[in-house]
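Colleague: No letters, just coordinates:
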């Protein structure tokens, strides 16, 4: 039987896509994650395309990227020749780790250019901004590390 989306599920999928778009990410990625997160059973590539009314090629490319990032999982389904995908609570932690990587890249960028411009007097404003950038992202990195420790403790208390 081919899966169908309930009205609340369809609304959730659309809102999840809108949320991703609001963050400047691809809306399609949010639609896929929202669909998989709200689905009781793993969903085939063909059904993802059908349910989201997109081409299978476009979905295949997006799913491959999301899988490589650890945002969704590829699993065996009832028909061994088809690929099935799912999302679970680890999706959020994997997205979180992706964001932490971006924060650390910002720290490295600020450090690299602070080093490159050194004591160059003509770059005082730029240097000050880079120092601000460095301090901001280091503070965010500290917050993220603390948040992850707290989250892992909280996660253990949640009932399955």
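Modeller: Sure, I can see it. All values reported here derive from a predicted model rather than from experimental measurement.

Colleague: gap between residue 126 and residue 114?
Modeller: Applying Cβ to Cβ, to the nearest Å, the value for residue 126 to residue 114 is 10 Å. Any C-beta I mention is one placed from the backbone N, CA and C, and that applies to glycine too.

Colleague: Who has more neighbours out of these two?
Modeller: residue 114 (16 against 13; other Cβ atoms under 10 Å).

Colleague: so who does the more buried one touch?
Modeller: Neighbouring residues of residue 114 by Cβ atoms under 8 Å, 6 or more residues apart in numbering: 127, 130-131, 134.

Colleague: Write the PyMOL selection for whichever of those residues are buried.
Modeller: Buried subset of those, written as a PyMOL selection, criterion 16 or more other Cβ atoms under 10 Å:
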select buried, resi 127+130+134
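
Colleague: Out of the contacts of residue 114, which is nearest to residue 110?
Modeller: Closest to residue 110 out of the contacts of residue 114 is residue 134 (3.8 Å), distances taken as Cβ to Cβ.

Colleague: Please, where are all the strands along this protein?
Modeller: 43-44, 73-75, 84-86 (DSSP state E).

Colleague: No further questions, thank you.
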